[in-house]
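>>> quick one: sequence plus predicted model below, questions after.
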Number of protein chains: 2
Amino acid sequence: MAEKSVPTMKDVAREAGVSLGTVSNVINGVTVRASSRKKVEEAIERLHYEVNSYARGLKISKTGTITLIIPTLDHPFFAELAYEIEQQAYQHSRKLFLCCSNGIAEKELEYLSLASQNKTDGIIALTYSDISSKVPAHIPLVVFDRYFDDHSIPRIASDNYSGGIMAVNKLYELGCRKIAFVGFHSSFPGEAEKRFEGYQAACRQLGITPMVLHESDTVPAPEAIRKFIEKKIDPETGSTQFDGIFANTDYDACNCRDVLESHGIRVPEDVQLIGFDGTKKFYSGEYYVSTICQPLKELAKKCVDMVINESEEDLPSLTLLPVHYACGGTTKDS
Amino acid sequence: MAEKSVPTMKDVAREAGVSLGTVSNVINGVTVRASSRKKVEEAIERLHYEVNSYARGLKISKTGTITLIIPTLDHPFFAELAYEIEQQAYQHSRKLFLCCSNGIAEKELEYLSLASQNKTDGIIALTYSDISSKVPAHIPLVVFDRYFDDHSIPRIASDNYSGGIMAVNKLYELGCRKIAFVGFHSSFPGEAEKRFEGYQAACRQLGITPMVLHESDTVPAPEAIRKFIEKKIDPETGSTQFDGIFANTDYDACNCRDVLESHGIRVPEDVQLIGFDGTKKFYSGEYYVSTICQPLKELAKKCVDMVINESEEDLPSLTLLPVHYACGGTTKDS
DNA sequence: CTGTTAGCGCTTTCAC
DNA sequence: GTGAAAGCGCTAACAG
C-alpha cells in the first residue's frame, strides 16, 4: 500500500463498489439494502474511513460544537462549571470550544467573533460585558448569571435571592441575632446581587438591623474585609458587634475567617459564618466553609439543554435553579 | 433589507464590485490595489461579513484548532494547566477543543476519533492509556507526563527526578534526618514515578534509610496514609519514626498533614512536610503545603508550541522543565 | 494586480 | 433503493 492520504467517501464508494450517495446514506442511517450496507461498512473498516466534519459542516451548516466563554478556570467554581458543561456537551454529542476571557471585554468580543466564524451551534456565556448585541441573531445564546439589556436572551442562574434568605435564616436558627453581610458588587449587573437582596429581606422579616460591607469589586477584597471587621471589634473586650456573617461568596467567607481568627475570634464559637457557592477543598472534598451550594451539575445541564434546545420550544427568559445549605464547619451545626 | 441569511464572499464581491478572488486576496493579506482593498473592506463592514472557517478548513485542510484531552478540571492542577493551554492556544490564534476523559480509556479513544473527524491541527494528551497507536499519523500529538510505547512521540513533563532530590535535600537542610516517602503509582507508567526515584537517589547520597509507602493508586489514599503513619507512631511517647515526609503530590501531603495533626503531631515543629505540584488555595493564593512547584505556564507553553511546531523542526522526544521549591508553611523555613 | 475556474468532501435532490 | 450531479463557501492556480 502506497503512501495514502486520508480516505474520503469517494474512496469508500469505489472500494465498496457503490455510489457516493449510497455511502452517505449508510453513514446517515438512511434505509439502504442490507447487502449494500454490509459492503460499505466493510470498506469503511478496511480503509479506516472517518467522516470529515468540516465538509459535512459546510454542507449542512451545523458543526456540532458549543462554545463556552468563561473568565478563567483558576477558580474552582468556574473550573467545575466548565467541567460539567463539557460532560453535558459530550452527552449530547457536541464538542466544546473553551474560551477563557479573563473577564476582558475585548477578548469576549474576539471570542464571539471566532465563534461566529466557526459557525458554532450555540454559545454559553459568562461574560462581564453585555455581548448580546454582538452575537449574530441566528446563533443560540444562553447567559449565566448576568443581565443583558436584551431581555429575550435566556438567562440561567441559581436562585440567589432564596439563597440569601436561607443563609440568614440558618444563622438565626443557630442562634445568631446580629448578622452582617460582606460582599462586593460588579459594575455589570448579575444575578448574584440578589443574594444581598435576600439578606435584606430576611433581616427585615426577622427584625435584624443590617450591618453591611458592600463595595465595588474594584477594591481589593481582603483589605476591605479586614478593615470592615476590625472596625467592628471592641478594642476593650475584643468582642464583635456581630455574631454571624453571611458572605456573598466562599471566597469572601474564607477571607472573613482569616481575619477573625487572626484576632483570636473563634469560628464558629464566637462568630458563625456562611458563604456562597459550595466550593470544596480539592484534597478532601470538604467544604471550605458552611455555605449555600449552587447546583453546578444542574446548572451545566440546563445551559447545555437550553443552548441546544432540541425541543424547539420557546425558552424561558429566566431559569432559576434551587440552592441548598451545607455545613462546612463555620457554623455550630457541625 | 429583506431577511438576509449570513453573507458569503460572493456577496462581498458583488457589493464591492470586484471578483471573488480579489476578496479572498484582501482577506488573506495578498497584495491588492489600494482602491480595491478599500472597496472590499467597506463592503465587508457593511455586510458584517465573516469568513466561514468550515469552508476555509475544507479547502486548505487546516482548522486552526487544538484538542486537549485531559482527565478532569476537578483538580486545580488540571484546571490550571487547561487554562494556561487555552491562553497559549489563543496567543497562537488557535481555538481549543476541551475533552475531559475522566481517565476512562474508551472515552479517550472516542475523543481521539472525534478529534480526527474534526481534522484538528494537533492533540495534547494527558491520558491514562497508550493512545499513540490510535492517533492518525498525520496529526501532531504531544503527550504530557506519560510514557508511550512509541518513543518517537514528543513527551513533556516536569523534571520530576530533580524535584524528588530537591525535596529530600530541602528537608535535610532544614534538619530532617529520617525522611519518609508517601505516594501512589498508577498502573500506566508516567513521569511522576521519577519523583520516587529522586527520593531514593537522594537518600542514598545522604545516607538516609528509605522509609516508604508506595502502593498502587487503586487503593484509597487517605486510608493507606493513615495506616502507614499510625504504624510509625510510638504508642508510648507519641513520637514518630520520621521527622520529615516527602509526599508524591500535594494531595498526598494534605492527607499526611491531616493524619499527623489528628494525632497531635505538629507540622512543621515535629514533622516537616513537602508535597509536589504547587497547588494553591483558591481564595488566598497561598500554597496548601510546602511543595515542589511544577512550572505550569511553561509546561503549557511548551505543549502548545510543540504541537503547533511552526518551525517544522524535529521535536525532542522528551522535554523536561525545571521545578522549584516553595515554602507553604509545612516546613521550618516559613 | 484581477477575474475565472476547479475543486476540497460531503449531503441532497432528482431521475431511474 | 441507488447513481448522477449540483453546490455549500472558500482558496489557489492560471491566464490575462
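Alright, I've got the coordinates. Residues are numbered from 1 along each chain as shown, chains lettered A, B, ... in the order given.
>>> in the stretch 101-250 of chain A, what residue lies closest to DNA strand C?
With Cβ to the nearest atom of the strand, the shortest gap between the stretch 101-250 of chain A and DNA strand C falls at residue A:119, namely 13.1 Å. Quick note: C-beta positions are derived from backbone N, CA and C, even for glycine.
>>> which residue ranges of chain A form strands?
A:65-70, A:95-100, A:123-125, A:141-144, A:155-158, A:179-185, A:211-216, A:244-247, A:272-277, A:291-293, A:318-321, A:324-326 (DSSP state E).
>>> who touches the most centrally placed residue in chain A in this structure?
Nearest residue to the geometric centre of chain A (Cα atoms, centre = their mean): residue A:81, 4.3 Å. Residues counted as contacts of residue A:81 (Cβ atoms under 8 Å, 6 or more residues apart in numbering or on different chains) are A:70, A:126, A:144, A:296, A:299-300.
>>> quick one: it and residue A:225, what's the gap?
25 Å (Cβ to Cβ, to the nearest Å).
>>> look up how far residue B:150 lies from the nearest residue to residue A:140 once chain neighbours are set aside.
Once flanking residues are discounted, residue A:140 sits nearest to residue A:122: 4.3 Å by Cβ to Cβ, 6 or more residues apart in numbering or on different chains. Shown here: residue A:122 relative to residue B:150, a distance of 37 Å by Cβ to Cβ.
>>> of the two, which one has the most company?
residue A:122 (22 against 14; other Cβ atoms under 10 Å in any protein chain shown).
>>> is it true that the more buried one touches residue A:67?
Yes: counting by Cβ atoms under 8 Å, residue A:67 is a contact partner of residue A:122 at 7.2 Å.
>>> before we move on, back to that, the residue of the stretch 101-250 of chain A closest to DNA strand C touches residue A:56, doesn't it?
No: counting by Cβ under 8 Å, residue A:119 stays clear of residue A:56, with 11.7 Å between them.
>>> can you name the residues that contact residue A:54?
Residue A:54 sits next to B:54, B:57-58, B:63, B:118-119 when contact means Cβ under 8 Å, 6+ apart.
>>> tell me which two of these sit farthest apart.
Maximum pairwise distance in the contacts of residue A:54, criterion Cβ to Cβ, is 11.9 Å, between B:58 and B:118.
>>> neighbour-wise, which of those two wins?
residue B:118 (23 against 19).
>>> residues touching the more buried one, list them.
With Cβ under 8 Å, 6+ apart, residue B:118 has these contacts: A:53-54, A:95, B:63, B:65, B:67, B:97.
>>> could you dump the residues you listed to TSV with pLDDT and distance to residue B:216?
TSV is the format used below for the contacts of residue B:118 (pLDDT from 0 to 100; distance: Cβ to Cβ, whole Å):
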residue	pLDDT	distance to residue B:216
A:53	96	39
A:54	97	43
A:95	97	34
B:63	96	40
B:65	97	37
B:67	98	30
B:97	98	32
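>>> nearest spatial neighbour of residue A:294, chain-adjacent residues omitted?
Leaving out its chain neighbours, the residue that sits closest to residue A:294 by Cβ to Cβ, 6+ apart is residue A:158, at 4.4 Å.
>>> and residue A:34, how far is that from residue A:13?
18 Å.
>>> more neighbours: the two, which one.
More crowded of residue A:34 and residue A:13, by other Cβ under 10 Å: residue A:13, with 18 against 8.
>>> OK, contacts around that one?
A:19-20, A:22-23.
>>> cutoff 6 Å now
Counting by Cβ atoms under 6 Å, 6 or more residues apart in numbering or on different chains, residue A:13 makes contact with A:19-20, A:23.
>>> list only those of those flagged as buried.
Neighbour-count burial (16 or more other Cβ atoms under 10 Å in any protein chain shown) is assigned, among these, to residue A:23.
>>> in TSV, list the contacts of residue A:13 along with distance to DNA strand C and pLDDT.
TSV is the format used below for the contacts of residue A:13 (distance: Cβ to the nearest atom of the strand, whole Å; pLDDT from 0 to 100):
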residue	distance to DNA strand C	pLDDT
A:19	8	95
A:20	5	95
A:23	7	97
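>>> of the contacts of residue A:13, which is the nearest to DNA strand D?
DNA strand D has its nearest neighbour among these in residue A:19, at 3.2 Å by Cβ to the nearest atom of the strand.
>>> quick one: that closest one and residue A:41, what's the gap?
Distance of residue A:19 to residue A:41, given as Cβ to Cβ: 16 Å.
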